[in-house]
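# This is a predicted model, with the sequence first.
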Amino acid sequence: MTAENIKAIPDPESLQALLAELPNDLLAGRRVLVTGAARGLGLAFAKCIAAAGASVVLADILADLAATEAQGMRDAGHDAHAIPLDLCDPASIDACASEATRLLGRIDGLVNNAAITNSGGRDAHALDIDTWDRVMDVNVRGTWLMSRACQPALAKSGRGAIVNLASDTALWGAPNLLAYAASKGAVISMTRSLSREWGGDGITVNAVAPGLTLVEATEYVPMARHQKYLEGRAIQREQQAVDVCGAVLFSLSGLSRFVTGQLLAVNGGFVMN
C-alpha cells in the first residue's frame, strides 16, 4: 500500500475457504464460459464454478496466463480449458464461442466478465476519444457480440444463463470515470433488453454490480477512492474477489431459473439498489 494507491491484496485464504464450502453439485453437469478469466474476478469465478461441479472455459486476451491457470485447475481435478479472446475483434469472439462449444460439448452459462477498467483519473474534458472508443468496444460491444455468439448454444441448453458484470460506479455516478461508468450503465440496460429478447429461449440474463474490489485491474485506483468506499459501506472493509462469487454462482444455478433482467449490487452496502 502506498500513499496514493492501494495494491491488489489477494485473499487466497478466503477464496480457499469458500471453495471448500461450496456444494460440488450446485452446478453439476453444467458447462460455462468465463471471459477475462486469466486473473482477478474472472479467475475467482472460474475456480468457484469448477468447484461447484461445472466444466469451465477460461477465455482471455492474456492467453498464456489463462492456459497456465486452466492447467492448474486440471491438476486439481477439474475440467478446465483455456481459449484466447480479443473482445475488440469480432472474429475472435465468434471463434471463442465456437471453440468453447466444441470443447465443452455445449454451453449452459456465460459470464461476461472481461472489461477495460483503467480509464479513470480524468474528467469529461480530459478524457480522450480513443480511450472512450476502446472502453465501449470491449465493455459494451464485446459483451453484446459474445452474448450473441453464444446465444444458439445457450438456447439449445434449455437452462442457459448469462451473467454480465456491471459496476456500482454506474449506480452512484462515479466522477472522473466517465467511459467506464457509462459502459457499465449500458451493460445494465443491455441485460434488461436481452432478458426479454431471449426469455422465450429459456435463457436468463442478469447483471452483477461489484463495488471497488481488490484485484489487479483496480491497482490504479487512488487511495481517496478506496477511502470513500470504506467510509460509505455498510460493511466497512475492503472488497475481495471472493465477495462477488456467490452472486455469480446463484445466477448460473438452478436456484435462479425464474430470475432474469435483474441487477444485483454486491458492494457491502455502498449502493443499495
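Okay, I see it.
# tell me the contacts of V248?
By Cβ atoms under 8 Å, 6 or more residues apart in numbering, the contact set of V248 is F45, C48, I49, V111, V163, V208. Yep, even glycine has a C-beta here, placed from its N, CA and C like the rest.
# Give me the secondary structure label for the last one.
Taken by DSSP: H, G, I helix; E, B strand; the rest coil, the conformation at V208 corresponds to strand.
# Tell me, how many residues neighbour it?
When neighbours are defined as other Cβ atoms under 10 Å, V208 has 26 of them.
# Tell me who's in contact with the closest residue to it other than its chain neighbours.
Nearest residue to V208, sequence neighbours excluded (Cβ to Cβ, 6 or more residues apart in numbering): A247, at 4.7 Å. Contact analysis of A247 by Cβ under 8 Å, 6+ apart lists V208, L264, V266.
# Highest neighbour count among the contacts of V248?
Neighbour counts for the contacts of V248 (other Cβ under 10 Å) peak at I49, which has 31 neighbours.
# State the mean pLDDT of the helix or strand hosting that residue.
Element membership for I49 (DSSP states H and E) is helix 40-51. Mean per-residue pLDDT for helix 40-51: 97.
# Can you tell me which helices and strands that helix packs against?
helix 12-21, strand 31-35, strand 55-60, helix 63-75, strand 109-112, helix 242-252 (3 or more Cβ pairs under 8 Å, 6 or more residues apart in numbering; DSSP states H and E).
# Quick check: phi and psi at the residue nearest in space to the middle of the chain.
Against the mean C-alpha coordinate of the chain, by Cα atoms, centre = their mean, the closest residue is N113 at 2.5 Å. With angles defined as degrees, to the nearest 10, N113 sits at phi -100, psi -30.
# Would you agree it is in contact with T35?
Yes: using Cβ atoms under 8 Å, N113 is in contact with T35, at 5.4 Å.
# so what sits against both of those two?
Common neighbours of N113 and T35, using Cβ under 8 Å, 6+ apart, are G42.
# Render the CA-only coordinates of stretch 187-195 in PDB, please.
Taking Å, rounded to 0.1, in the frame of the first residue of the first chain, the C-alpha atoms of stretch 187-195 are listed here in PDB:
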ATOM      1  CA  VAL A 187     -24.300  -3.300 -19.800                       C
ATOM      2  CA  ILE A 188     -27.200  -2.900 -17.300                       C
ATOM      3  CA  SER A 189     -29.600  -1.700 -20.000                       C
ATOM      4  CA  MET A 190     -28.400  -4.500 -22.300                       C
ATOM      5  CA  THR A 191     -29.100  -7.100 -19.600                       C
ATOM      6  CA  ARG A 192     -32.700  -6.000 -19.400                       C
ATOM      7  CA  SER A 193     -33.200  -5.900 -23.200                       C
ATOM      8  CA  LEU A 194     -31.600  -9.300 -23.800                       C
ATOM      9  CA  SER A 195     -33.600 -10.900 -21.000                       C
END
